[in-house]
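Asks: no letters, just coordinates:
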Ligand SMILES: [Zn+2]
Ligand SMILES: [Zn+2]
């Protein structure tokens with residue numbers, strides 16, 4: 001694998017900027033004006049579901065909430081010369097200016113219910129400095145770099161004892177709240193295990209107790225033999241889940257027992273993951289012939305959960321051209337999803353699409369070199 005140097009810089013407001021690859025500039029002493037300090041962020045416990053809710057009022061004042069503004073490359077804060085990275089770059093990660101969770105979270109306010117500090121970390125991952133691209137349009141080298149960056153961030157964030165869960169994700173499209181069109185994803189590191197993850201972990205434990213085997217192994221084998229397959233490779237099964245909640249929902253799940261997190265990926269699996277995710281996003285764009293908005297969420301194993309396979313879940317927002325799937329009353333109020341598209345039909349339609357699949361060579365993969373050549377501004 002090719003070495004991918006990581007350079008650690010700091011904005012004048014204290015936020016970290018990690019530049020991966022060649023370092024082609026430095027940060028201005030002045031830097032961007034500090035965002036609101038986020039003193040109001042905290043967590044509140046919903047006593048009825050016994051789950052935390054993040055409260056982050058400052059996020060509402062984000063300056064870039066107008067879609068007209070964000071499409072415009074000139075006003076893009078993620079392009080070279082923008083406020084986040086003033087120089088050209090290969091890939092970069094920085095602390096979100098408007099975090100919902102932060103390492104130095106302020107004390108939780110004393111209120112008439114249970115509260116907690118919003119401890120954690122919110123990072124933004126810039127896939128490339130090319131504004132007019134998307135995950136599916138990344139070159140093999142750019143894709144390989146993104147996977148190496150995910151592995152690097154995963155290693156560091158999971159190793160921090162302050163974090164109980166780490167989630168790599170992407171919101172693509174204004175409809176799912178991506179206020180900036182520049183190709184990017186995000187990472188949240190949390191001080192607690194979120195509820196859907198906790199429920200999945202419990203299911204794995206119960207399956208192990210009852211069946212004496214791994215739930216993810218069982219599900220992956222079932223997907224692999226089903227008519228819900230979208231595409232497949234040696235390391236990952238790409239299928240519409242048996243009980244898909246969203247029309248055209250797709251899960252990319254590791255075949256190998258023991259591949260629990262991004263950091264467990266061997267080189268062949270890194271390549272196969274990049275190919276599989278690129279394939280799904282290309283199928284999404286070909287499905288209705290426009291850039292389909294989607295949510296893409298990595299599912300890494302929580303601590304102490306040996307039966308768990310690394311997966312990426314993708315939930316696109318449309319069920320037909322011009323018809324969005326709304327998370328409506330029953331879904332929101334009861335958590336009962338109603339899906340208008342049979343998973344087998346969704347899989348057939350996605351699988352029948354013809355999308356390019358240029359190979360990613362093993363020797364084009366990257367491994368981040370640590371410790372970084374620390375260049376602090
Ligand atoms: Zn841009
Ligand atoms: Zn397994």
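Replies: Great, that's in hand. What you are looking at is a predicted structure, and each value in this text was computed from that prediction instead of being measured. Ligands and ions are numbered 1, 2, ... in the order given.
Asks: which residues does the residue in the stretch 251-377 of the chain that ligand 1 sits nearest to contact?
Replies: Taking C-beta to the ion, ligand 1 has its nearest neighbour within the stretch 251-377 of the chain at residue 291, 15.3 Å off. Every C-beta, even on glycine, is put in place using the N, C-alpha and C of the backbone. By C-beta atoms under 8 Å, 6 or more residues apart in numbering, the contact set of residue 291 is 134, 172, 173, 285.
Asks: who does the second one form a beta bridge with?
Replies: Each beta-bridge partner of residue 172 is listed here, defined by DSSP bridges: residue 294.
Asks: per-residue confidence at residue 325?
Replies: The score at residue 325 is 88. That number is its pLDDT.
Asks: dump the residue contacts of it.
Replies: The contact partners of residue 325, by C-beta under 8 Å, 6+ apart, come to 246, 247, 317, 318, 319, 340.
Asks: can you tell me how far the closest residue to it other than its chain neighbours is from residue 40?
Replies: For residue 325, ignoring the flanking residues on the chain, the nearest one in space by C-beta to C-beta, 6 or more residues apart in numbering is residue 319 at 4.9 Å. Residue 319 sits 37 Å away from residue 40, going by C-beta to C-beta, to the nearest Å.
Asks: now residue 357
Replies: 47 Å.
Asks: same question for residue 147.
Replies: Look at residue 147 and residue 40: by C-beta to C-beta, they are 36 Å apart.
Asks: now the two most distant members of the contacts of residue 325.
Replies: The most widely separated members of the contacts of residue 325 are 317 and 340, with 13.0 Å between them, by C-beta to C-beta.
Asks: so which of those two has more stuff around it?
Replies: residue 317 (21 against 11; other C-beta atoms under 10 Å).
Asks: okay, that one: pLDDT?
Replies: For residue 317, pLDDT reads 91.
Asks: please enumerate the strands of the stretch 201-350 of the chain.
Replies: Applying DSSP state E, counting those that start in this stretch to the stretch 201-350 of the chain gives strands spanning 229-232, 236-239, 250-254, 294-299, 311-316, 318-320, 323-324.
Asks: where does pLDDT dip in the stretch 51-200 of the chain?
Replies: Along the stretch 51-200 of the chain, the parts satisfying pLDDT under 70 run over 58-72.
Asks: so what does the nearest residue to residue 321 once chain neighbours are set aside have for phi and psi?
Replies: Among residues not flanking residue 321 along the chain, residue 288 sits closest, at 4.5 Å (C-beta to C-beta, 6+ apart). When read as degrees, to the nearest 10, the backbone of residue 288 gives phi -120, psi 10.
Asks: hmm, back to that, make a markdown table from the contacts of residue 325 and add distance to residue 166 to it.
Replies: Output for these, formatted as a markdown table (distance: C-beta to C-beta, whole Å):
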| residue | distance to residue 166 |
| --- | --- |
| 246 | 23 |
| 247 | 28 |
| 317 | 25 |
| 318 | 29 |
| 319 | 31 |
| 340 | 33 |
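Asks: get me the contact residues on the stretch 101-250 of the chain for ligand 2.
Replies: 214, 216, 217 (C-beta under 5 Å from the ion).
Asks: now do 8 Å
Replies: With the criterion set to C-beta under 8 Å from the ion, the stretch 101-250 of the chain comes near ligand 2 through 213, 214, 215, 216, 217, 218, 220.
Asks: make a ChimeraX selection of the buried ones in these.
Replies: Selection command for ChimeraX covering only the buried members of those, criterion 16 or more other C-beta atoms under 10 Å:
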select :214,215,216,220
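Asks: show me which of the residues of the stretch 101-250 of the chain next to ligand 2 is closest to residue 25.
Replies: Using C-beta to C-beta, these come closest to residue 25 at residue 216, 43.4 Å.
Asks: for residue 164, see how far away the closest residue to the closest one other than its chain neighbours is.
Replies: Spatial nearest neighbour of residue 216, chain neighbours left out: residue 309 (3.8 Å); criterion: C-beta to C-beta, 6+ apart. For residue 309, the distance to residue 164 (C-beta to C-beta) stands at 20 Å.
Asks: between these two, which has more neighbouring residues?
Replies: Applying other C-beta under 10 Å to residue 309 and residue 164 shows that residue 309 carries more neighbours, namely 26 against 17.
Asks: surely the more buried one touches residue 218?
Replies: No. Counting by C-beta atoms under 8 Å, residue 309 does not reach residue 218; the two are 10.5 Å apart.
Asks: who has more neighbours, residue 147 and residue 40?
Replies: The neighbour count for residue 147 versus residue 40, taken as other C-beta under 10 Å, is higher for residue 147 (20 against 14).
Asks: which elements pack onto the helix or strand containing that one?
Replies: Assigned by DSSP states H and E, residue 147 falls within helix 140-159. For helix 140-159, the packing partners by 3 or more C-beta pairs under 8 Å, 6 or more residues apart in numbering; DSSP states H and E come out as strand 2-10, strand 16-20, strand 91-95, strand 120-126, strand 165-172, strand 184-190, helix 267-287, strand 366-369.
Asks: just put those in TSV and tack on mean neighbour count and distance to residue 138.
Replies: Converted to TSV, the helices and strands packed on helix 140-159 look like this (neighbours: other C-beta atoms under 10 Å; distance: least, C-beta to C-beta, whole Å):
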stretch	mean neighbour count	distance to residue 138
strand 2-10	17	15
strand 16-20	22	14
strand 91-95	22	10
strand 120-126	23	12
strand 165-172	21	12
strand 184-190	21	11
helix 267-287	22	7
strand 366-369	18	13
